[in-house]
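Colleague: Here is my input; please provide its structure:
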Amino acid sequence: MQTQQLRDKIRQQGEIAHGTGHSYNDKPERNALRNFLTNCPEFQGFWKSYFGTPPNTTLKEDPLGEYKVDLGIVNEEENICHGLIEVDVFNSWGENGYPAHYKKFHVLERKLKYFENTDHKYLTCTFNNTHNQMVCTTRENIDKCHFLYGITEMWMPAIKARDRVVRCPLDENVFWFGIS
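Modeller: From the prediction side, this is the model:
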């Protein structure tokens, strides 16, 4: 019952962000990632350094199936996945900067299954509400924080429910990018 209530609250919040009936529509964030790949040299360099430049790959939507991880770097001919990318939006983060009262980068526990027991590189990217600023972290940092700090159950004001997260400090392992 509690899991269903959480799902319902997540769906409701998604509908606030994306419109009624479109709670899981993260197309704006997927497009924002592509925009950063095209127009943000700093992010391009970070991306190349983290994922490398595997040949014959494309950025594929829903590489593990619908309602799972958002994007993947895949070579479909050889059925190889070189990396996974999760995207989301933090509606409380406007153009005037990241909210000062947030001291941690949160990664939802339910997203960990996308890369656990694999050797996939994994990046999670959160955009501000106008999609011109992004903060992200890597699988390696998520794993480190998971090991050091565990899972924290937190009250999430936006969904008015508790959810479980890995909390990563806003340190040198959390990366910030912006475009104009």
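Colleague: tally of neighbours for residue 70?
Modeller: 24 (other Cβ atoms under 10 Å). Yep, even glycine has a C-beta here, placed from its N, CA and C like the rest.
Colleague: pretty sure it contacts residue 89?
Modeller: No - with contact defined as Cβ atoms under 8 Å, residue 70 does not reach residue 89; the gap is 11.7 Å.
Colleague: Residue 114: how many residues sit nearby?
Modeller: A count of neighbours around residue 114, defined by other Cβ under 10 Å, yields 20.
Colleague: Find me the pLDDT at it, would you?
Modeller: Reported pLDDT at residue 114 in the predicted model: 94.
Colleague: residues touching the nearest residue to it once chain neighbours are set aside, list them.
Modeller: If the residues on either side of it in the chain are set aside, residue 114 comes closest to residue 69, at 4.3 Å by Cβ to Cβ, 6 or more residues apart in numbering. Neighbouring residues of residue 69 by Cβ atoms under 8 Å, 6 or more residues apart in numbering: 62, 63, 84, 85, 86, 111, 114.
Colleague: For residue 94, see how far away residue 69 is.
Modeller: Between residue 69 and residue 94 the distance, using Cβ to Cβ, to the nearest Å, works out to 27 Å.
Colleague: what about the residue nearest to residue 114, distance to residue 146?
Modeller: For residue 69 relative to residue 146 (Cβ to Cβ), the value is 17 Å.
Colleague: sec struct for the closest residue in space to residue 62 that isn't next to it in sequence, please.
Modeller: Here the nearest residue to residue 62 in space, its sequence neighbours aside, is residue 68; by Cβ to Cβ, 6+ apart that works out to 6.6 Å. When the structure is reduced to helix, strand and coil (DSSP: H, G, I helix; E, B strand; the rest coil), residue 68 reads as coil.
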